[in-house]
Each structure stands twice: as structure tokens, then as C-alpha cells.
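Asker: Give me the fold of what follows.
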Amino acid sequence: MENVFIDTNIIVYANDKKDKGKQDKAIKIITGLMKSNRGTISTQVLQEYAFVAHKKLKQKHDVILRQLKLLESFEVIRQSPEMIRRALEIMYSYKINFWDSCIISNAEYGNCSLIYSEKLNTGQYYSGIKIVNPLV
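Answerer: Sure, this is the predicted structure:
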């Protein structure tokens with residue numbers, strides 16, 4: 001079975017009531033990955049979710065804290081200096097932004113073969129990792 005890295009936007013959609021269709025899909029994806037024990041995220045994803053949940057989604061702090069605790073059931077990749085250097089290599093090689101290259105570096109470190117993301121180019125491979133937009 002393949003390990004799947006979950007980009008922040010999938011988690012945000014699971015918490016955003018504005019697009020019920022995407023929310024339902026995102027919840028199903030996250031729940032499935034939790035049950036199969038195949039999901040991976042990073043501390044960057046946790047930070048980005050917490051910020052968006054507070055600023056954009058206007059979630060209450062207890063809801064955000066509960067969601068963060070739930071997300072900790074995934075394998076959580078903690079950023080290291082080596083991963084930051086690798087992210088720079090990815091950024092220069094693929095000419096993408098730094099934060100996206102960090103996601104790819106973290107997925108690489110987590111031995112993921114897929115990244116679920118709405119933001120990155122679906123079907124594209126970065127460092128041998130395929131990008132899939134599961135919300136389409």
C-alpha cells in the first residue's frame with residue numbers, strides 16, 4: 001500500500017462549510033487514510049491549518065485544538081535542516097515556490113508515493129512523487 005502525504009488544502013476543505021461537496025470528499029479522504037494508517041502530514045501542514053482555521057475559517061480555539069490532536073494520529077514529519085536543504089534543491093530544480101517544495105521534501109522523507117493536493121499540478125511528478133487532486 002502507498003503512503004499518502006496530505007497537503008494543507010485538503011485538511012482546510014474538510015473544515016470549510018462553504019463548499020459542501022469538497023468538504024464531504026475531504027472528510028472521506030482523511031477518514032479513509034486514518035483507518036488505513038497510510039496518511040502522512042508534517043508540522044508545516046499543522047501550522048498552516050491552525051493559521052487558516054483561526055484567521056479564515058474563524059473556528060473556535062477548542063475546535064482547532066481538537067482537530068490538531070486528531071491530525072496527530074497521522075505520521076507527522078518534523079522539519080529538519082536536511083529537509084530544508086532538500087526543499088531548496090526541489091525549488092530550484094522544479095521552479096516552484098519554497099513552501100510547496102517543503103511539502104514535497106517532507107513527503108519524500110515520509111516515503112510517500114502520492115501527495116494529495118488541490119494546489120500542486122495534478123498528474124505532475126516531483127522527485128518521483130505523484131500529485132493527485134482527490135477533490136475533482
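Asker: what's the spacing between A14 and S117?
Answerer: Distance, A14 to S117, by Cβ to Cβ, to the nearest Å: 14 Å. All C-beta spots, glycine's among them, are computed from the backbone N, C-alpha and C.
Asker: meant to ask about K60, not that
Answerer: Distance of K60 to S117, given as Cβ to Cβ: 27 Å.
Asker: quick one, which of these two is more surrounded?
Answerer: Taking other Cβ atoms under 10 Å, K60 and S117 do not tie; S117 has more neighbours (24 against 10).
Asker: still on that earlier bit, which neighbours do A14 and S117 have in common?
Answerer: Residues touching both A14 and S117 (Cβ atoms under 8 Å, 6 or more residues apart in numbering): there are none.
Asker: buried ones in the strand or helix carrying I90?
Answerer: Using DSSP states H and E, I90 sits in helix 81-94. Using 16 or more other Cβ atoms under 10 Å as the test for burial, helix 81-94 gives M83, R86, A87, I90, M91, Y94.
Asker: what element comes up after the lengthiest helix in the chain heading to the C-terminus?
Answerer: The longest helix of the chain (DSSP state H) is helix 20-36. Later in the chain than helix 20-36, the nearest helix or strand by DSSP H and E is strand 39-42.
Asker: what lines up beside that next one in the sheet?
Answerer: Pairing partners of strand 39-42, with direction, according to DSSP bridges: strand 4-6 (parallel), strand 75-77 (parallel).
Asker: so how far is the last one from its chain's centroid?
Answerer: Here the centre of strand 75-77 is set off from its chain's centre by 11 Å, with Cα atoms, centre = their mean, to the nearest Å.
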